[in-house]
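A.B. asks: how would this look folded up:
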Amino acid sequence: MGKRHIRIAELLNEAPGQSVVAKGWVRTKRGNKNIAFIALNDGSTINNIQVVCEVANFPEELMKSITTGACLAVTGDLVESMGSGQKVEIQAKEIVVYGTADTETYPLQKKGHSMEFLREIGHLRPRTNTFGAVLRIRHAMAYAIHKFFNDKGFVYLHTPLITASDAEGAGAMFQVTTMDLENLPRTEEGKIDYKEDFFGKRTSLTVSGQLEGELGAMALGNIYTFGPTFRAENSNTPRHLAEFWMVEPEMAFYEIEDNMDLAEEFIKYLVQYALDNCMDDLTFLNNMIDKELISRLQSVVGTEFVRLTYTEGVKILEASGEKFDYPVAWGIDLQSEHERYLVEKHFGKPVILTDYPKDIKAFYMKQNEDGKTVRAMDVLFPKIGEIIGGSQREESYEKLTGRIKELNMDDTNLWWYVDTRRFGTAPHSGFGLGFERLLLFVTGMSNIRDVIPFPRTPKTAEF
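C.D. replies: Numbering: from 1, shown residues only. Down below sits the predicted model:
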């Protein structure tokens, strides 16, 4: 086969009347004893190309080996398609079977499979229509994120994955060590001697690139991070992963309003990018997974987000007469049921909540004059609740160190962070977007384990 093969996404738009080579995996084979129709897919598009074989022209053994899951190279003529659903099809002249897939043991036969079953065969699930669509959209969103920030002149900053500081103060961190766990070095007091460890101190996988991102913003102006983050929380929910990706812009001289404007512009840009560039995949997901997907995406792009304070939000929830699983009172951390009530039932559009109680937010958030609230902002979306969390950062050295003391935090690993408030401090703001939360929204999938290729959750680290 000397000819270069063309990916199916391009082939489907080629003009008929030429000889072509297509390579891919068989989705289905149907037909009768005279003619066979093979649906071939190579992952470049949700759409298959139809290969038409006159059975008499091919050895019987070869035709038998062409089953769902087999991998083929097909040479033939691209002709106008008589059937509905595609403009062109291939009339096969030559078929090479690269790899067979035994019908008895290949788990992806032509029938509906549950999401739970597909998670058990994570090595094969990208070959299904649903996961092909999700992973192509995941790629498109990653590209769009870089494009958005690049076009705005932001610097992409790589922050460390291994760190000695806990950005969230939540303590749910995976420890990184090279020590022999069967034989740990001890100090005279009997404590583990981390001086003997690889880095000479206790280190963990990062929960956020934000703190280092702030250092970048204090030098480069506007930066963003985009990388994996790790939380060792025992959360078995459809919205939590132990390893997930975060996008964290940090901007010098941005007040909270600038931060909200950027977050709204950013998320609308991403959704619009999906609508402009992923329509085939979105249409499939809209038909198969969530009938309201495309209309929901369009509604977000075309609307101004509501902005209101946490205090006003709590008043609305208290007056709603709704029976929530978690009772509402000023000072509580809102649950996704509360967030979704505001977005879906009360306003019917995305909401940005601001000015949360100081006690339920992280130590680095800028304190308001009232002494009770901080300049936080959460962007709440239909179906998923919080999709972005951010704040204006506390730039005052006195207030930041005071807050660290108030919380009895161990600041030995934060001296460098506090230093930025000693040397040329400046107002600055930033936010974090959980990449997989964004993907839940854009794909209509309902479980976060189904928008990342290989999910990491408690007791699960397969593949």
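
A.B. asks: count of neighbours near residue 281?
C.D. replies: Number of residues near residue 281 (other C-beta atoms under 10 Å) recorded here: 24. (C-beta placed from N, C-alpha, C; glycine too.)

A.B. asks: any idea which element it lies in?
C.D. replies: Per DSSP states H and E: residue 281 is located in helix 279-288.

A.B. asks: beta partners for the closest residue to residue 145 other than its chain neighbours?
C.D. replies: Closest residue to residue 145 apart from its sequence neighbours, by C-beta to C-beta, 6 or more residues apart in numbering: residue 247 at 5.6 Å. In this entry, residue 247 is beta-bridged to residue 226, residue 433, by DSSP bridges.

A.B. asks: residue 22 too?
C.D. replies: Beta-bridge pairing for residue 22 (DSSP bridges): residue 74.

A.B. asks: what sits against it?
C.D. replies: For residue 22, the contacting residues are 5-6, 8, 11, 40, 42, 49, 51, 73-74, 90, by C-beta atoms under 8 Å, 6 or more residues apart in numbering.

A.B. asks: ok, it to residue 463 distance?
C.D. replies: Counting by C-beta to C-beta, to the nearest Å, the gap from residue 22 to residue 463 is 29 Å.

A.B. asks: ok, now residue 424?
C.D. replies: Computed as C-beta to C-beta, the residue 424 to residue 463 distance reads 47 Å.

A.B. asks: okay, these two: which has more neighbours?
C.D. replies: residue 463 (12 against 8).

A.B. asks: so the more buried one sits right up against residue 121, yeah?
C.D. replies: No: counting by C-beta atoms under 8 Å, residue 463 stays clear of residue 121, with 9.4 Å between them.

A.B. asks: can you tell me which of the contacts of residue 22 are in strands?
C.D. replies: Residues from the contacts of residue 22 lying in strands, with DSSP state E as the criterion: 40, 49, 51, 73-74, 90.

A.B. asks: okay, those in CSV with pLDDT, neighbour count and distance to residue 104 next?
C.D. replies: Output for the ones in strands among the contacts of residue 22, formatted as CSV (pLDDT from 0 to 100; neighbours: other C-beta atoms under 10 Å; distance: C-beta to C-beta, whole Å):
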residue, pLDDT, neighbour count, distance to residue 104
40, 97, 26, 22
49, 97, 25, 27
51, 97, 23, 24
73, 97, 16, 24
74, 98, 24, 25
90, 97, 25, 28
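
A.B. asks: which one of those residues is nearest residue 308?
C.D. replies: residue 49 (50.8 Å; C-beta to C-beta).

A.B. asks: who does the residue lying closest to residue 331 once chain neighbours are set aside form a beta bridge with?
C.D. replies: Using C-beta to C-beta, 6+ apart and skipping the chain neighbours, the partner closest in space to residue 331 is residue 357 (5.2 Å). With DSSP bridges applied, residue 357 shows beta-bridge pairing to residue 373.

A.B. asks: the chain should start at 51 in everything you say after this.
C.D. replies: All right, first residue 51 from here; so that's residue 407.

A.B. asks: wait, residue 407 sits on residue 363?
C.D. replies: No: applying C-beta under 8 Å as the test, residue 407 and residue 363 come out as separate, 11.7 Å apart.

A.B. asks: doesn't residue 489 fall inside a helix?
C.D. replies: Yes: membership of residue 489 in a helix is supported by DSSP: H, G, I helix; E, B strand; the rest coil.

A.B. asks: flag every buried residue along the helix or strand containing residue 191.
C.D. replies: Here residue 191 sits within helix 179-201, counting by DSSP H and E. By neighbour count with 16 or more other C-beta atoms under 10 Å, helix 179-201 contains the buried residues 179-188, 190-191, 194-195, 198-199.

A.B. asks: now swap in stretch 137-152 and tell me
C.D. replies: Using 16+ other C-beta under 10 Å as the test for burial, stretch 137-152 gives 138-140, 142, 145, 147, 150-151.

A.B. asks: tell me where the stretch 401-513 of the chain has helices.
C.D. replies: Listed in chain order, the helices of the stretch 401-513 of the chain (DSSP state H, counting those that start in this stretch) span 447-456, 465-472, 485-493.

A.B. asks: okay, residue 118 and residue 156: tell me how far apart.
C.D. replies: Distance of residue 118 to residue 156, given as C-beta to C-beta: 7 Å.

A.B. asks: neighbour count for these two, which is higher?
C.D. replies: Counted by other C-beta under 10 Å, residue 118 and residue 156 do not tie: residue 118 has more neighbours, with 18 against 15.

A.B. asks: ok but the more buried one is inside a strand, no?
C.D. replies: No: going by three-state DSSP, the assignment for residue 118 is coil, not a strand.

A.B. asks: surely it touches residue 155?
C.D. replies: No: the pair residue 118 / residue 155 is not scored as a contact, 11.8 Å apart, by C-beta under 8 Å.

A.B. asks: ok, and what's touching whichever strand or helix holds residue 321?
C.D. replies: Per DSSP H and E, residue 321 falls inside helix 306-327. With contact meaning C-beta under 8 Å, 6+ apart, helix 306-327 is reached by 187, 190-191, 194-195, 197-198, 299, 301, 304, 332, 344, 347-348, 350-351, 355, 357, 400, 402, 404, 416, 425, 427, 429, 437-438, 440-442, 479-481, 483, 488, 491-492.

A.B. asks: quick one, which of these are buried?
C.D. replies: 187, 190-191, 194-195, 198, 299, 301, 304, 332, 344, 347, 350, 355, 357, 400, 402, 404, 416, 425, 427, 429, 437-438, 440-442, 479-481, 483, 488, 491-492.

A.B. asks: tell me the phi and psi of the nearest residue to residue 229 once chain neighbours are set aside?
C.D. replies: Using C-beta to C-beta, 6+ apart and skipping the chain neighbours, the partner closest in space to residue 229 is residue 247 (5.4 Å). Note on residue 247: backbone dihedrals following degrees, to the nearest 10 are phi -80, psi 170.

A.B. asks: quick one: contacts for residue 247?
C.D. replies: Contact analysis of residue 247 by C-beta under 8 Å, 6+ apart lists 227-229, 253.

A.B. asks: and the furthest pair within the ones in strands among the contacts of residue 72?
C.D. replies: 99 and 123, at 12.8 Å, using C-beta to C-beta across the ones in strands among the contacts of residue 72.

A.B. asks: tell me where the model's unsure across the stretch 101-250 of the chain.
C.D. replies: Along the stretch 101-250 of the chain, segments meeting pLDDT under 70 span 217-221.

A.B. asks: quick one: the helices in it?
C.D. replies: Assigned by DSSP H, counting those that start in this stretch, the stretch 101-250 of the chain shows helices spanning 110-115, 165-170, 179-201.
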